[in-house]
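K.L.:
model this:
(chains A and B)
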Amino acid sequence: MTPVRGRAWLFGRNVNTDLIFPAWMSSKVKGFDDLSAAAMAGIDPEFHKKVTCGDCIVAQENFGCGSSRESAPLALLHAGIAAVVAKSFGRIFYRNCVNVGLWPLACLDISEIRDGDQVELDIGQGSLRRRSSGHAIGIDPPDGICMEILLQGGLMPYIRARDWRL
Amino acid sequence: MTPGRMTVVQKIFARAAGAAQAAVGQSLILPVHCVMFHDASGPLILEAMKRAGNARIAVPERTCVIFDHAVPAPTALIANRQKLVREFVLSQPGSVFFADGGEGICHQVLYETGRIKPYDIVVGADSHTCTLGALGAFATGMGATDVAAILLTGKTWMPVPAAIRIELEGSLRIGVAAKDVILHIIRELGPEGAEGRCLEYAGGGLSGLGMEDRLTLCNMAVEAGAVAAIMPRGGRAEGLSGEEGWEDADSGCSYAGTIGVDLSRLEPLLAHPHGFERITPVREAGDVPVQQAFLGTCTNGRLSDLSVAAAVLEGRQVHPRCRLIVAPASRTVLRRALENGVLGSLIRSGAIVEHANCGPCLGLHQGVMADGETCISSSSRNYKGRMGNPQGRIYLASPATVAASAVAGKITDPREFLQAA
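P.N.:
Below is the predicted model:
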C-alpha cells in the first residue's frame, strides 16, 4: 500500500448517511459508476467539486451512522476520497466501506489535524502525517477478514476468488 | 461471570455456527435463514452481482424481495430501476418471495409471512431489519454488497456481539407508548451507546407489551448503534407460530451493560431535530407549530398505532394548517383498519390516507415539507434533510403524540386528549 497524499476534510460527530448521500440526490447522480455528485451533499452540495483524488475525510465519533445505504461510501469513493479516518464509525457504514474498497481507519485522537491540512496517509505504517509539521497520528487499519477483503479490492472479488464461498 | 455461560445472542451464533460455544468478538461464518432486500437497495445489489459476473441467487427459498420505498414509482428513473430489479427477481427460481409495491413495508411484510422463527439469522439490506428481533431472531441490517454476497453464498461473516440487557419493569400509563420507551432507551444509551452490541430485552414489564410494541422497541435499536435487538419468546405475544427453539440467556452470563427501565415512570417523549442528541418530554416542548404530521413506517404504522391515533382524533378534526399523512405499514393493516372502522375515523377527521409504503419517511415522495416547515413524525429518523428538504425540521414522537399535535396544529402531549375519556 503506497502512501497517499491529499487534503484532509474535517467533519464533526454523528455525520449520518442521510448527510453523506441524501435520498433526494439519487435522481441527480450520473449513474452507479459515478455517484460523486451526491458525496456529502447533505452538508455541502459542492463538496464533490472541491475534492481531489487522494483526499481523506477526518471525522469525530460515529461517522456514517444511520441508514445502510451503500451509495454513501460509494459516493465518497467516486469523488476521490481515499480513506475515512474517524474516532468511530457507524457499524454498517464501516462494513460497507470495506466491501466497496474505501479504507475506514479508526483514530482515537484527531485533534492534531486541521481542516485543509495537506496530509500523507500511510496505511501500511498506520499513520496520518501533517505535511506542514511532519507530525503523525496513529491510525488503526481494519484487521482480520476486513483487511483480507480490502486487500482483494472488496467483498465481491474476495468471494469470487474463493469460488463463491465465504 | 461464569465461563461458558452465554447471552441469547451468543447462543444464537453458536447454534447457527454448529458450535458449542461462541465467544464475544469471535468472527464466525453463519448461514442466513432469511435474506431480504427492497426496491431502494435492489439496484446496487444487482450492480454488485453483475460486476462480479454472477447473477444467480444460491438461496432462493430463503430470499424475500419487497418493494416499499418508492411505490408506486414517482419518476421514470425509479420505475426503470424497479423494472430491472423486478425482472431480475422473476428470472430467479420461483421460490423467491416477491411482494411488489403496495403489499407494504418490507419489515412488516416479512413479519406477516410468519417465516421468521426464534434463533433464526435474518439479514436485510435495510438498517431497520433489527425490527424482526421481536420474533426472537438475530435480525440485522447490512449494505448492498454484503447482501449480494449472502444471495450468492447463503452465508455471512459476523463477530459475535456483546449484549446489553434492557430490563423492563412495571407497565405503561395511559398515553405512554412503546415509542416513548425506545426514545427513553436511546436517550440513556446515546447515538452510539450500543455500537456493535445486541440489545436483549427482559423483565416482567414485557408481559404488558404486545407484539406490535415489541416490533417498535426492536425497530429503533439501530439508532443507538445496536447491531440487533432480541425479544424473548415467552409471555404474552400475538400471532406467532410458537416458542419452538427459544432458549433464555444463561444465568451468570456476561453483559456489556444493563439498563433498567421502569415503564410506569415514563411519559411521552420527543426527539428534537436533527438527530438523537436531544430527547425531552413532550409537555416541555413549548409552542412549536407543525405544518405536517406523519403516522406510519416500520416503526409505528401498525393497527395499534392507527387505532390510538383514531382514538385521539375521535370527534375532532385535523388542524386546518396541518397536513396529517397516514401510511399503513402493510396491506393487511390497511384492510383491518378499513374493516374495523379505524380508517374511516381517520378519514373523517381529515387525515390524508396513503397506501402501504414507507411514505415520506425517507424524502423521496408522498409528503415533502416546504422550507421552514416542521413535521412531527412517528418514523425512526429525523436527520437534517431526511424527509426530502434540508430546510425542514422533523420531531419524532409516538402515534398518539403525532395525532394530538395534528389536532392542535402544534406539538401537544396526547394525555390532554386521552385522559379525559
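
K.L.:
All the helices of chain B, in order from the start?
P.N.:
Taking DSSP state H as the test, the helices found in chain B are B:8-17, B:42-52, B:76-90, B:106-113, B:144-153, B:178-189, B:211-219, B:297-300, B:303-313, B:331-339, B:342-348, B:399-408, B:415-418.

K.L.:
Take the ones you listed and lay them out in CSV including distance to residue A:86, mean neighbour count and mean pLDDT.
P.N.:
(Glycine included, C-beta is placed from N, CA and C.) Converted to CSV, those look like this (distance: least, CB to CB, whole Å; neighbours: other CB atoms under 10 Å in any protein chain shown; pLDDT from 0 to 100):
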stretch, distance to residue A:86, mean neighbour count, mean pLDDT
helix B:8-17, 26, 22, 97
helix B:42-52, 23, 21, 94
helix B:76-90, 31, 15, 96
helix B:106-113, 29, 24, 98
helix B:144-153, 20, 27, 97
helix B:178-189, 19, 24, 98
helix B:211-219, 26, 25, 98
helix B:297-300, 27, 30, 98
helix B:303-313, 36, 24, 98
helix B:331-339, 39, 18, 98
helix B:342-348, 44, 19, 98
helix B:399-408, 34, 29, 98
helix B:415-418, 41, 18, 92
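
K.L.:
and those helices as TSV, adding distance to residue B:63?
P.N.:
What follows is the helices of chain B, written out as TSV (distance: least, CB to CB, whole Å):
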stretch	distance to residue B:63
helix B:8-17	18
helix B:42-52	11
helix B:76-90	8
helix B:106-113	11
helix B:144-153	6
helix B:178-189	29
helix B:211-219	22
helix B:297-300	19
helix B:303-313	28
helix B:331-339	21
helix B:342-348	32
helix B:399-408	32
helix B:415-418	43
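
K.L.:
Which of the ones you listed sits closest to residue B:164?
P.N.:
In terms of CB to CB, the element of the helices of chain B nearest to residue B:164 is helix B:178-189, at 7.6 Å.

K.L.:
Of the helices of chain B, give the one that comes closest to residue A:120.
P.N.:
helix B:144-153 (29.1 Å).

K.L.:
residues in contact with the residue lying closest to residue B:86 once chain neighbours are set aside?
P.N.:
The shortest distance from residue B:86 to any non-neighbouring residue, by CB to CB, 6 or more residues apart in numbering or on different chains, is to residue B:100 (6.9 Å). Applying CB atoms under 8 Å, 6 or more residues apart in numbering or on different chains, we find residue B:100 in contact with B:67, B:71, B:86.

K.L.:
Which residue, other than its chain neighbours, is closest to the second one?
P.N.:
The one in question is residue B:71. Nearest one to residue B:71, counting by CB to CB, 6+ apart, is residue B:101 at 2.8 Å.

K.L.:
measure that neighbour to residue B:301 for me?
P.N.:
15 Å (CB to CB, to the nearest Å).

K.L.:
between these two, which one's more packed in?
P.N.:
Neighbour count, other CB atoms under 10 Å in any protein chain shown: between residue B:101 and residue B:301, residue B:301 has more, with 32 against 20.

K.L.:
ok, residue A:153 - how many residues close by?
P.N.:
If you count neighbours by other CB under 10 Å, residue A:153 ends up with 12.

K.L.:
Spatially nearest residue to it, not counting backbone neighbours?
P.N.:
Nearest residue to residue A:153 in three dimensions, chain neighbours excluded: residue A:101, at 5.3 Å (CB to CB, 6+ apart).

K.L.:
Retrieve the pLDDT associated with the one you found.
P.N.:
pLDDT for residue A:101: 95.

K.L.:
Help me confirm that it comes into contact with residue A:154.
P.N.:
Yes - if you go by CB atoms under 8 Å, residue A:101 and residue A:154 touch, sitting 4.5 Å apart.

K.L.:
now check stretch A:5-24, is it near chain B?
P.N.:
Yes - under the criterion of CB under 8 Å from any CB of the partner chain, chain B is reached by stretch A:5-24 at A:14, A:16, A:18, A:19, A:22, A:23, A:24.

K.L.:
and those residues as TSV, adding pLDDT and neighbour count?
P.N.:
Converted to TSV, the residues of stretch A:5-24 next to chain B look like this (pLDDT from 0 to 100; neighbours: other CB atoms under 10 Å in any protein chain shown):
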residue	pLDDT	neighbour count
A:14	97	23
A:16	97	26
A:18	96	27
A:19	97	24
A:22	95	28
A:23	91	25
A:24	88	21
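
K.L.:
Would you reformat those as TSV and include secondary structure and distance to residue B:262?
P.N.:
Below are these laid out as TSV (DSSP: H, G, I helix; E, B strand; the rest coil; distance: CB to CB, whole Å):
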residue	secondary structure	distance to residue B:262
A:14	coil	28
A:16	strand	31
A:18	helix	33
A:19	helix	35
A:22	coil	39
A:23	helix	38
A:24	helix	41
